[in-house]
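Student: Requesting a structural model of the entry that follows:
(one chain, ligands or ions: 1)
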Amino acid sequence: MNEESFPEGFVWGVATSAYQIEGAVAEGGRGPSIWDTFSHTPGVVDNDDTGDVACDHYHRWREDLDLMVDLGIASYRFSVAWPRVMPDGRTVNQEGLDFYRRLVDGLLERGIRPLMTLYHWDLPQSLDVGEAGGWLSRDLPDRFVDYALVLGKELGDRVPAITTLNEPWCSAYLGYASGEHAPGRTEDALAYRAAHHLNLAHGRAVTALRDVLPPTADVSVALNLLQVQAASDRPEDVVAAQHADLIANRMFLDPMFGGGYSDELRTSTAGLTDWSFLRPGDEAEIGVGLDSLGLNFYNPSRVGAGPGAPFPGTHRAFFADIPGPRTVMGWPIVPSGLTDLLLRVHRDTGLPIRVTENGLGAQEAVEDGVVHDTDRIDYLHSHLTAVHEAMRQGADVRGYYVWSLLDNFEWAWGYDKRFGLVHVDFADQRRTPKASAHWYADVITRNGL
Ligand code: IFM
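Tutor: Next up, the predicted model:
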C-alpha cells in the first residue's frame, strides 16, 4: 500500500436501505412499518415527504444493479424490510422473501458481493402497539431472532456477510429520546430500555444465525459511533464529553465487546434510568463474538457542559459548535475524525472494520445533463485519505461503502437533502450518475486515489 493506493482486495462499495429507496409500500404483501406511520404524521418530515414511492427501487432494482456494474462496484450494502418479509412481524410472506432472493441473485450474477443488513429502522408497525411496544418490549429480541433466522435460512447460502442492526444509537436515542425518528417518543429513560433490547436482539440473532449460516459467514453490526471531542479542556466539558461517549458509544461497545455494561456507564446514567430492564444473563447473550464491525461516519461531535443543542438521552451533555466548513446538513467536515475513530475502534475491538457509510448530503440539480458535485468529490477524497491514514497506522480496514448509491428518502429531512452518487429525479425516476460517480469509478479502477 503506497501513499495513494489501497491493498489488493480492498472492497469498494455503495450502501442503501430499504425504506429509503424501495417504495412499493403496499405491494407484494408488505405490511406497514413504524416509518410509514411516522412519515404520514403531518409535520414530522420536511415537506411531509414519505417513503411511499422513494426511488421505486422495488420495480427498478435491475436498472440500479446495472448502474453499480457501470461504476465497478464490488459490494452492495442493502437492507431488508422486515415488514416485506414478515408483514405483521411474525408471519412469513414468501413474496417478500422472493424479492430479496431475486435481488441477491441479480447481484451475484453481476459479480457484486451482497452485504445484507437485517434492520435499518423499518420495524413492522404491528410490533409497536401500545405504550410499551416496539423496542421497549422485552419480546422484540425474540421476534428479531425469528426474522433473522428466516433470512439466514433463505439467503445464508448466497449472502456472505450479514449485519444485524444499523446504527442502534439512532433507533434508541432518536426514536425514543429526541423523537426525531420513528416511533417519535420523547423520554430519555425509554431510550436506554430500547438500546438494551436492541443489544439483546443483536446478540441473540448472532447466536441463532451461527447455527444456520455456513462457517465462512461474516456476521457484524454497523455502529455510528460518535467521535467525541470535548468542547474545551475545562473539567466540566471533559466530563460532559466522557458522559456522551458512555451513552452514545459504550452503551453498545461495552456489552458487545467489553463483557457487559460498565460501572462507569451505570453511574453516569443514574437518575436517567434505573436499569430495571437488565436481567441476569443478558450481557452474556449480547457479548457474542463478531467477525467484523461496520462503522458509519459523517462528522465528529464536539460536546460540552454548556447550553446548546441537547445531546439525546442525557441532561448533562450538549453539542457544541465545531468551527470550519459544514455540509448543507449542518454537519462539520473533519476527515481526521474518521482516522481517529477507526484507530479507537481498532484498539477497542481488534476486529476487521468496514466503513459501511460515509458521504455528503447536498442540495443539487441536474444542469445540462450533469451534476457537478465537486463538494462531494472533495468530501469523499478527504475521507478516503483519512481511511488510508488509519490503515497506515495499523487499523484493519477491509472496505469502504459510499452512502449512498442513489439520492433517497433522508428520513426526517425528506427528499431535499441528497446523498447519492446517482441523482434521482423523483418526478420521473430518471437516474443520472453525478460527477462523483464517475470519480468513484475511477478510484475503483485504480484501487486508490
Ligand atoms: O441516510 C442515513 C442512513 O439511513 C443512516 N446513516 C446516516 C445516513 C445519512 O443521514
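
Student: C-alpha only now, for contacts and for neighbours.
Tutor: Fine.

Student: Report the contact partners of residue 250.
Tutor: Shown in contact with residue 250 (C-alpha atoms under 8 Å, 6 or more residues apart in numbering): 261, 265.

Student: before we move on, what about residue 165?
Tutor: Here residue 165 is in contact with 117, 118, 119, 120, 202, 221, 222 (criterion: C-alpha under 8 Å, 6+ apart).

Student: hmm, which two among these are most spread apart?
Tutor: Greatest spacing in the contacts of residue 165, by C-alpha to C-alpha: 120 and 202 (12.6 Å).

Student: Which residue of those two possesses the greater neighbour count?
Tutor: When residue 120 and residue 202 are compared for neighbours, residue 202 comes out ahead with 28 against 25, by other C-alpha atoms under 10 Å.

Student: Which pLDDT value belongs to the more buried one?
Tutor: Looking at residue 202, its pLDDT reads 98.

Student: check which helix or strand covers it.
Tutor: For residue 202, the host element (DSSP states H and E) is helix 188-212.

Student: what comes up buried for that helix?
Tutor: By neighbour count with 16 or more other C-alpha atoms under 10 Å, helix 188-212 contains the buried residues 188-210, 212.

Student: Equivalent analysis for stretch 357-364, please.
Tutor: Under the neighbour-count criterion of 16+ other C-alpha under 10 Å, stretch 357-364 has 357, 358, 359, 360, 361, 362 buried.

Student: Residue 377 in helix, strand or coil?
Tutor: Put simply, residue 377 is helix when judged by DSSP: H, G, I helix; E, B strand; the rest coil.

Student: ok, now which ones touch it?
Tutor: 435, 436, 439.

Student: Of these, which is the most crowded?
Tutor: Greatest neighbour count in the contacts of residue 377, by other C-alpha under 10 Å, goes to residue 436: 22 neighbours.

Student: per-residue confidence for the residue lying closest to it once chain neighbours are set aside?
Tutor: Leaving out its chain neighbours, the residue that sits closest to residue 436 by C-alpha to C-alpha, 6 or more residues apart in numbering is residue 377, at 5.3 Å. pLDDT for residue 377: 98.

Student: How much space separates residue 377 from residue 342?
Tutor: For residue 377, the distance to residue 342 equals 21 Å [C-alpha to C-alpha, to the nearest Å].

Student: count of neighbours near residue 356?
Tutor: Neighbours around residue 356, by other C-alpha under 10 Å: 25.

Student: Which helix or which strand is home to it?
Tutor: Per DSSP H and E: strand 353-357 holds residue 356.

Student: which helices and strands does that strand pack with?
Tutor: Counting contacts by 3 or more C-alpha pairs under 8 Å, 6 or more residues apart in numbering; DSSP states H and E, strand 353-357 packs against strand 293-296, strand 397-403.

Student: Downstream of the worst-scoring helix or strand of the chain on mean pLDDT, the next helix or strand is which one?
Tutor: Within the chain, no helix or strand scores below strand 309-310, which has a mean of 71 by mean pLDDT, DSSP states H and E. Going down the chain from strand 309-310, the next helix or strand is strand 318-320, by DSSP H and E.

Student: For my notes, confirm residue 280 occurs in a strand.
Tutor: No: read with three-state DSSP, residue 280 is coil and lies in no strand.

Student: what residues are up against it?
Tutor: Listed by C-alpha under 8 Å, 6+ apart, the contact set of residue 280 is empty.

Student: Local confidence estimate at it?
Tutor: 98.

Student: can you start the count at 695 instead of 1 from here on
Tutor: Got it, first residue is 695 now, which makes that one residue 974.

Student: Tell me which residue lies nearest the centroid of the protein.
Tutor: With distances taken as C-alpha atoms, centre = their mean, residue 860 lies nearest the centre of the chain, 3.8 Å away.
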